[in-house]
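Asks: Requesting a structural model of the entry that follows:
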Amino acid sequence: MNAAQYPFGKIHYFFRKADHARWQRLQSKQHILRSQLGFTSTPSSRPKVCQGCSHYHGVAYGYRQDTRTVLVCGLHPYGWQDGDHCPDWCGKP
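Replies: Residues are numbered from 1 along each chain as shown. A predicted model of the protein is given here:
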């Protein structure tokens, strides 16, 4: 198809490109908002046993608040439950 048959091809391309960029920005914003559901901004959400540990991860996974799971660390996914001192605690280098 040449320019004589379809004179507005380039302009339609730019409109589609702008529309896709707008859609991508919206999807990115929605992803950020979904990932922040259930988070608290207080630093006290970290367990006392994990204070200063380099293994601490603390990110919540899941899209719905009722099914979110916090991964505390790679060694103890739900946090250390047996007392005040974790045997795998490692200070930050």
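
Asks: Show me the shaky parts of this protein.
Replies: Low-confidence segments of the chain (pLDDT under 70): 1-5, 37-45, 92-93.

Asks: Strands of that one, start to end?
Replies: Under the criterion DSSP state E, the chain contains strands at 56-61, 69-73.

Asks: what's the most buried one of the ones you listed?
Replies: Burial of these is given as mean neighbour count (mean count of other CB atoms under 10 Å); strand 69-73 ranks first at a mean of 17. C-beta coordinates here come from the backbone N, C-alpha and C atoms, glycine included.

Asks: Which elements pack onto it?
Replies: strand 56-61 (3 or more CB pairs under 8 Å, 6 or more residues apart in numbering; DSSP states H and E).

Asks: returning to that earlier point: please dump the strands of the chain into JSON lines; it should also carry distance to His12 for every row.
Replies: Shown next, in JSON lines, are those (distance: least, CB to CB, whole Å):
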{"stretch": "strand 56-61", "distance to His12": "41"}
{"stretch": "strand 69-73", "distance to His12": "46"}
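
Asks: Report the contact partners of the spatially most central residue of the chain.
Replies: By CA atoms, centre = their mean, the chain has its centre lying nearest to Ser35, at 4.6 Å. For Ser35, the contact set (CB atoms under 8 Å, 6 or more residues apart in numbering) is empty.

Asks: any idea how far it is from Tyr56?
Replies: 19 Å (CB to CB, to the nearest Å).

Asks: same question, Lys17
Replies: Relative to Tyr56, Lys17 is positioned 43 Å away (CB to CB).

Asks: now Phe8
Replies: Phe8 is 57 Å from Tyr56, by CB to CB.
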